[in-house]
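Novice: Kindly return the folded structure for what I paste below:
(chains A, B, C and D)
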There are 2 protein chains.
Amino acid sequence: MASLKDISRQCGVSVATVSKALNNHTDISEETRDRVRRAAKELGYSPNFSARALKTNRTHGIGVLFVDEANSGLTHDYFAGVLDSFKKTVEEKGYDITFINCSKKQPNRMTFLEHVRYHGFDGVVIACIDFDAPEVAELVQSDIPIVTIDHLFNNKIAIMSDNITGMTELTDYCISKGHKKIAYIHGEPSTVTTARLTGFYRATDKQGITIPDEYVVGTAYRDTQGTYRETLKLLKLKDRPTCILYPDDFSALGGINAIREMGLRIPEDISVAGYDGIKAVTTLEPQLTTIVQATDLIGERAAKKLISLIEKPRTTIIEQVVIPGALQEGKTIAEPAKK
Amino acid sequence: MASLKDISRQCGVSVATVSKALNNHTDISEETRDRVRRAAKELGYSPNFSARALKTNRTHGIGVLFVDEANSGLTHDYFAGVLDSFKKTVEEKGYDITFINCSKKQPNRMTFLEHVRYHGFDGVVIACIDFDAPEVAELVQSDIPIVTIDHLFNNKIAIMSDNITGMTELTDYCISKGHKKIAYIHGEPSTVTTARLTGFYRATDKQGITIPDEYVVGTAYRDTQGTYRETLKLLKLKDRPTCILYPDDFSALGGINAIREMGLRIPEDISVAGYDGIKAVTTLEPQLTTIVQATDLIGERAAKKLISLIEKPRTTIIEQVVIPGALQEGKTIAEPAKK
DNA sequence: CCGGCTCACGCAACCGATTGCGCAATGTCT
DNA sequence: AGACATTGCGCAATCGGTTGCGTGAGCCGG
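Specialist: The predicted structure is shown next:
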């Protein structure tokens, strides 16, 4: 691998001059610059990231933390969408992204923070379920530029999908269709779940609708088994709901299957809705009604905010950015059957 | 950030000794080792990746190339699954993965190879549609350890989902159900498509079934619009097929919708099948029959092969590893209606 | 008491690039 | 022609860590 030294030898100038020439410093004549450039091409020169990073203390690297215990962030449609958009945006600006190693199986594993310091990432984006993990806290409390997605830490930039408004809108929609007996199978406790629950009750309260406690139950995200079970329970209640909302589109499938197995039709007998806006689920019959989360925008805003925080920390506003979702009317919510 | 120098000062030993102590070299006494370790912890020492990489010429970094023009690798269930498994496996062995910057929008973008050399990745994994791109070729022809997924280059390790056998099996299955008029809407030209076409014709030839040319048409992967249109065309043929195979599970949705819009039932009137094994599509009605590709295995094998190639280049066999898929019987293929 | 051995540690070069400062060689102005 | 400004380049330190080789101290046996 050719280095600056090789070029300097070839051109008969110093290493310093070569460096400056290639980096377009102004104190190098056009002529030498050309000579240097040609030699660089000739020798197949490739700059050395590590050397540069060592000297400049900048890596143009961004660490991505997607904790994945059971269900990985990568195979999770929502996160994959966010990450994809994030990646595109930062890459346009010359940053590279590296996953922060989450594997617990390593012999001498580092904590997240150690890993970030080791690599010298310029910034970090965090999107995971388990924001309460001590390691995550350690990372967040450091002085490293951080943006979180769907969770708010003190004094950190957060990009939040507007789960409150989204859920309110979805619930309002159900109510507007005439539903009063609305059940909500929510996800495991998290910032997101809390927000959605708030949105849910905000809508029902506003309309003066009282939701019995047994209508609101929790299960895991993206777990069709869980929603299957809970749905069966709900359907067996003496006062059965007319509409069931699910933690996410995927887990709604478990519910839909349960409903159909009970010989009930969607939406004639039971209305259902998901949350996320996963294409497959909204495309196929019965075309799930859902809130589409703007993964593109979320990823892009997260990227831009983070880069801004890295490059101009003084003028970057530490704020919570809320990205609205949008109701997508499918065909799974209809007026409840009159009795 | 504390460095070796800080520790050496604190302990009254040389930098070299500190380095050796922390790296468990044998020529350091237990006692100094302990002192050094304690001081390291006390000072919050963090090793410096760049300095180490610079000196050792090893990064323990792996570059991931997922070309994403239209449809990104990340939001593609199959690739996301492979990548996720790949990531888990390499992380266990202490490697980190970084995406090779694909953005064409950068001012002074590097080619893939330049980017890899710049970062000094120990190895690269390639999984993309466009294996023919000149930049990809440049990368592949280099001396960098490379593993490709679903494409075979000369003298390179390739992990291949067994598309030939998979498609043969799927087609055999259709035939075994009594179908003779089987249409195949395949994906755009690629290694994968070629393999599946081979498998398709292998099965029909074996059974002495002749497939009219107009039954075999192409469209893009994961494009429900395309399959929707092509399906309508197929259904309007005077001699309509009784079974339609699709490029992938997702695009099958477009076909399913077209079929239903024509007032036909699945599988009573028309049988359909996809390819991939995407959970949502095989979970929800009508529970698509498909070939499940073993993304876990593919990612894991790719990771292990690549690491082996990096760490013991002499003894690593350059080979094509074929990973079988598995037929998953859903409810979209039935015996054709007798007429 | 001495030669030789082991143990524990330091020396110093090196990886490749960056950058503030100094300096010589021109050019410019009066 | 002399004072001064400008231009173009090199010097040398520095980032943090690694490692082969050398060496001094202490111990052994003879």
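Novice: count of residues packed around residue A:232?
Specialist: Around residue A:232 there are 15 other residues, counting by other Cβ atoms under 10 Å in any protein chain shown. To be clear about C-beta, it is placed using only N, CA and C from the backbone, and glycine gets the same treatment.
Novice: give the contact list for it.
Specialist: A:258, A:262 (Cβ atoms under 8 Å, 6 or more residues apart in numbering or on different chains).
Novice: what does residue A:210 give?
Specialist: Going by Cβ under 8 Å, 6+ apart, residue A:210 touches residue A:204.
Novice: Helix, strand, or coil at it?
Specialist: coil (DSSP: H, G, I helix; E, B strand; the rest coil).
Novice: and if you look at residue A:172?
Specialist: Per three-state DSSP, residue A:172 ends up helix.
Novice: Please enumerate the helices of the stretch 51-200 of chain A.
Specialist: For the stretch 51-200 of chain A, the helices defined by DSSP state H, counting those that start in this stretch occupy A:77-92, A:112-119, A:134-140, A:163-176, A:191-206.
Novice: Out of these, flag the one nearest DNA strand D.
Specialist: For the helices of the stretch 51-200 of chain A, the distance to DNA strand D is smallest for helix A:112-119, at 8.9 Å, taking Cβ to the nearest atom of the strand.
Novice: would you put the C-alpha positions of the closest one in PDB?
Specialist: Provided in PDB are the C-alpha atoms of helix A:112-119 (Å, rounded to 0.1, in the frame of the first residue of the first chain):
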ATOM      1  CA  PHE A 112     -21.200   0.000  24.800                       C
ATOM      2  CA  LEU A 113     -19.400   3.100  26.000                       C
ATOM      3  CA  GLU A 114     -16.000   1.400  25.900                       C
ATOM      4  CA  HIS A 115     -16.700   0.300  22.400                       C
ATOM      5  CA  VAL A 116     -17.600   3.700  21.300                       C
ATOM      6  CA  ARG A 117     -14.600   5.300  22.900                       C
ATOM      7  CA  TYR A 118     -12.400   2.600  21.500                       C
ATOM      8  CA  HIS A 119     -13.500   3.300  18.000                       C
END
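Novice: is chain B contacted by that helix?
Specialist: Yes - for helix A:112-119 and chain B, the contact criterion (Cβ under 8 Å from any Cβ of the partner chain) is met by A:114, A:117, A:118, A:119.
Novice: got the helices of the stretch 51-200 of chain A as TSV, with mean neighbour count columns?
Specialist: Output for the helices of the stretch 51-200 of chain A, formatted as TSV (neighbours: other Cβ atoms under 10 Å in any protein chain shown):
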stretch	mean neighbour count
helix A:77-92	24
helix A:112-119	22
helix A:134-140	17
helix A:163-176	21
helix A:191-206	18
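Novice: among these, which is nearest residue B:272?
Specialist: When the helices of the stretch 51-200 of chain A are compared by Cβ to Cβ, helix A:77-92 sits nearest residue B:272, at 22.8 Å.
Novice: Can you confirm whether that closest one lies near chain B?
Specialist: Yes - residues of helix A:77-92 contacting chain B under Cβ under 8 Å from any Cβ: A:77, A:80, A:81, A:83, A:84, A:87, A:88, A:91, A:92.
Novice: Pull the contacting residues for residue A:294.
Specialist: A:161, A:323, A:324, A:325, A:326.
Novice: Just the buried ones from those residues, in PyMOL syntax?
Specialist: Those of the contacts of residue A:294 that count as buried under 16 or more other Cβ atoms under 10 Å in any protein chain shown are selected in PyMOL with:
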select buried, chain A and resi 161+323+325
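Novice: Around chain B, pick out the residues from the stretch 201-339 of chain A.
Specialist: Going by Cβ under 8 Å from any Cβ, the residues of the stretch 201-339 of chain A near chain B are A:224, A:249-250, A:253-254, A:256-257, A:260, A:278-281, A:283-286.
Novice: Show me where the stretch 1-150 of chain A dips below the pLDDT cut-off.
Specialist: Within the stretch 1-150 of chain A, the stretches with pLDDT under 70 are A:68-72.
Novice: thinking again about what came up before, so which of the helices of the stretch 51-200 of chain A gets nearest residue B:35?
Specialist: Judged by Cβ to Cβ, the one of those that comes nearest to residue B:35 is helix A:112-119, at 20.9 Å.
Novice: Please see if stretch A:43-50 touches DNA strand D.
Specialist: No - figure legend: stretch A:43-50 not in contact with DNA strand D (Cβ under 7 Å from any atom of the strand); closest approach 8.2 Å.
Novice: Return the set of buried residues in that stretch.
Specialist: Buried positions in stretch A:43-50, judged by neighbour count with 16+ other Cβ under 10 Å: A:45, A:46, A:47, A:48, A:49, A:50.
Novice: From residue A:243, how far out is the residue of the stretch 201-339 of chain A found nearest DNA strand C?
Specialist: Of all residues in the stretch 201-339 of chain A, residue A:311 sits closest to DNA strand C, at 14.7 Å by Cβ to the nearest atom of the strand. Residue A:311 sits at a distance of 48 Å from residue A:243 (criterion: Cβ to Cβ, to the nearest Å).
Novice: circling back to that earlier point, show me which of the residues of the stretch 201-339 of chain A next to chain B are buried.
Specialist: Neighbour counting with 16+ other Cβ under 10 Å marks A:224, A:249-250, A:253-254, A:256-257, A:260, A:278-281, A:283-286 as buried within these.
Novice: For these, which two are the farthest from each other?
Specialist: Using Cβ to Cβ, those span at most 21.6 Å, a distance reached by A:260 and A:279.
Novice: can you pull out the strands in chain A?
Specialist: A:61-65, A:96-99, A:123-126, A:146-149, A:157-161, A:182-186, A:216-218, A:243-245, A:271-273, A:290-292, A:320-323, A:326-328 (DSSP state E).
Novice: hey, C-alpha coordinates of the second one in CSV?
Specialist: What follows is strand A:96-99, C-alpha atoms only, in CSV (Å, rounded to 0.1, in the frame of the first residue of the first chain):
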residue,chain,number,x,y,z
ASP,A,96,-19.9,5.8,7.9
ILE,A,97,-21.9,3.7,10.2
THR,A,98,-20.7,0.9,12.4
PHE,A,99,-22.7,-1.2,14.7
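Novice: still on that earlier bit, go through the residues of helix A:112-119 next to chain B and name the one nearest chain B.
Specialist: Taking Cβ to the nearest Cβ as the measure, chain B lies nearest residue A:117 of the residues of helix A:112-119 next to chain B, at 4.1 Å.
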